[in-house]
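S.K.: Sharing a sequence plus its predicted fold:
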Amino acid sequence: MPTLSDVARRAGVSVSVVSRIMNADPQLRVRPDTRERVLRIAEQMNYTVNFAGRALRLSRSGALALVVPDVNNAIFAELLRGVEDEADRANYIVLLGRAERIQPCDDMLRRLVGEGRVDGALLQRRDDLDAAALRQLVEHEIPVVQVNSAAPRLSTVGSSVTLDDVAGAELATRHLVELGHRRIGMLSGVRTSDTARRREEGFRRALHAAGLRRRAEWLRQLGYTAESGREALSQVMSGPRRPTALVVANVNAAIGALSAARSLGIDVPGELSVVAYHDDWVAEHTWPPLTAVRMPLYEMGRAAVQALLRRLSGEPRTDTVVTEPGPVLTVRASTAPPG
């Protein structure tokens, strides 16, 4: 089996340089072509990192935890792919968990880190996990990066990585305005959700820019599930004055909204246009296929791992908003000019 010395000899660099490259040492300053040469030669020689030895030397497990509200949610597939790609680049593995396990009285994260099973955690908190509950989770200096949520600065160890939700919701709303809609409503997340607040702000800005105002009777804040989308649409469309278009702040809720529209005999897009926030393969296969805004979930996953690795290296906490690539609108059959 090839050793570090074998790789170093063939690459023409020191053993320590090979070791730091293979362990993705963020402090290493080396020419890009040197790094690529070492990685290429290591691959050609079938050299693999001795993770047991690295764990003993660095007092690290070589594993990170990713905790999301619902592992069955199609939206998280792109996020997970970004997390795994960046973790793999740094020679880490990823353990996936459900946020239902994260309760204020549950010490799961503290046990995972304290017992050496993971070195830190990426946490997308549930919408009903408030700031006080999150404070309990991080008060014991657990290295945590919040993903797609940015609670107040609860701990010196906590960082956050979020999307530009304002820009994404503005793009969705502007699409409806440009189609000619003036009676535009929104099905949003619950009141405690910071992503919902940002998306509502983008919605409000786009309406204001068009000389329109947000009508309270066309706003529902019931959540991001298909069930909440069904209920929200039923409520909004039961009033005497209906909107002709809706921005739905999550693709899962939009799927529920389409289901409710069919049950109520509402033609989409003939009577009601629907545009969803987040785009994935599911949006293409609804009926009608959903117009949706694609957000950089993959890039957010990579940025979250980078933020956690910086914390593990002792760097200060950061709050990052992923703006590149920007939101992209994919127009499908669920939106049309008002009838």
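M.R.: That came in fine, so what should we check first? Residues are numbered from 1 along each chain as shown.
S.K.: any chance you could map the strands in the stretch 51-200 of the chain?
M.R.: 63-68, 93-98, 120-123, 144-147, 159-163, 184-188 (DSSP state E, counting those that start in this stretch).
S.K.: Among those strands, single out whichever gets nearest to Glu201.
M.R.: strand 184-188 (10.7 Å; CB to CB). Bear in mind the C-beta positions are built from the backbone N, C-alpha and C, glycine included.
S.K.: Show me what the closest one is packed up against.
M.R.: Contact analysis of strand 184-188 by 3 or more CB pairs under 8 Å, 6 or more residues apart in numbering; DSSP states H and E lists helix 165-179, helix 194-209, strand 219-221, helix 226-236, strand 245-248, helix 251-264 as its packing neighbours.
S.K.: Report the angle between the first one and strand 184-188.
M.R.: When axes from the mean of the first three to the mean of the last three CA atoms, to 10 degrees is applied, the directions of helix 165-179 and strand 184-188 differ by 150 degrees.
S.K.: what residues does helix 165-179 touch?
M.R.: If you take CB atoms under 8 Å, 6 or more residues apart in numbering as the criterion, helix 165-179 is touched by 184, 195, 198-203, 205-207, 209-210, 212, 245, 247, 249, 273, 275-277, 291, 293, 295, 323, 326-327, 329, 331, 335-338.
S.K.: that older thread, would CSV of the strands of the stretch 51-200 of the chain with mean pLDDT, distance to Ser313 and mean neighbour count be doable?
M.R.: Converted to CSV, the strands of the stretch 51-200 of the chain look like this (pLDDT from 0 to 100; distance: least, CB to CB, whole Å; neighbours: other CB atoms under 10 Å):
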stretch, mean pLDDT, distance to Ser313, mean neighbour count
strand 63-68, 88, 14, 23
strand 93-98, 84, 18, 15
strand 120-123, 88, 11, 27
strand 144-147, 89, 13, 27
strand 159-163, 92, 12, 24
strand 184-188, 98, 38, 28
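S.K.: Reformat the ones you listed as JSON lines; add distance to Leu308.
M.R.: What follows is those, written out as JSON lines (distance: least, CB to CB, whole Å):
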{"stretch": "strand 63-68", "distance to Leu308": "6"}
{"stretch": "strand 93-98", "distance to Leu308": "11"}
{"stretch": "strand 120-123", "distance to Leu308": "5"}
{"stretch": "strand 144-147", "distance to Leu308": "5"}
{"stretch": "strand 159-163", "distance to Leu308": "7"}
{"stretch": "strand 184-188", "distance to Leu308": "29"}
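S.K.: In this structure, where is pLDDT below threshold?
M.R.: Low-confidence segments of the chain, defined by pLDDT under 70, are located at 26, 48-60, 99-116, 127-142, 151-158.
S.K.: Now do the contacts for Ser238.
M.R.: Counting by CB under 8 Å, 6+ apart, Ser238 has no contacts.
S.K.: any idea how far it lies from Ser259?
M.R.: 16 Å (CB to CB, to the nearest Å).
S.K.: From Tyr47, how far out is the nearest residue to Asn73 once chain neighbours are set aside?
M.R.: Nearest residue to Asn73, sequence neighbours excluded (CB to CB, 6 or more residues apart in numbering): Asn252, at 6.8 Å. Taking CB to CB as the measure, Asn252 falls 44 Å from Tyr47.
S.K.: residues contacting Val251?
M.R.: Ala74, Ile75, Ala276, Tyr277, His278, Asp279, Asp280, Val282, Ala283, Leu290, Ala292 are the contacts of Val251 under CB under 8 Å, 6+ apart.
S.K.: can you check Asp164 too?
M.R.: Met295, Val321, Val322, Thr323, Gly326, Pro327.
S.K.: before we move on, the earlier item: would you check that the residue nearest to Asn73 makes contact with Thr225?
M.R.: Yes - the criterion here is CB atoms under 8 Å, and Asn252 meets it with Thr225 at 5.9 Å.
S.K.: between the two, who's got more neighbours?
M.R.: Asn252 (24 against 18; other CB atoms under 10 Å).
S.K.: List the residues that contact the nearest residue to Leu66 once chain neighbours are set aside.
M.R.: In space, and not counting its chain neighbours, Leu66 is closest to Leu122: 4.7 Å by CB to CB, 6+ apart. Counting by CB under 8 Å, 6+ apart, Leu122 makes contact with Leu64, Ala65, Leu66, Val67, Val83, Val144, Val145, Val147, Ala304, Val305, Leu308.
S.K.: just Asn46 next, same as before
M.R.: Counting by CB under 8 Å, 6+ apart, Asn46 has contacts Pro2.
S.K.: Pull the number of nearby residues for Val118.
M.R.: 25.
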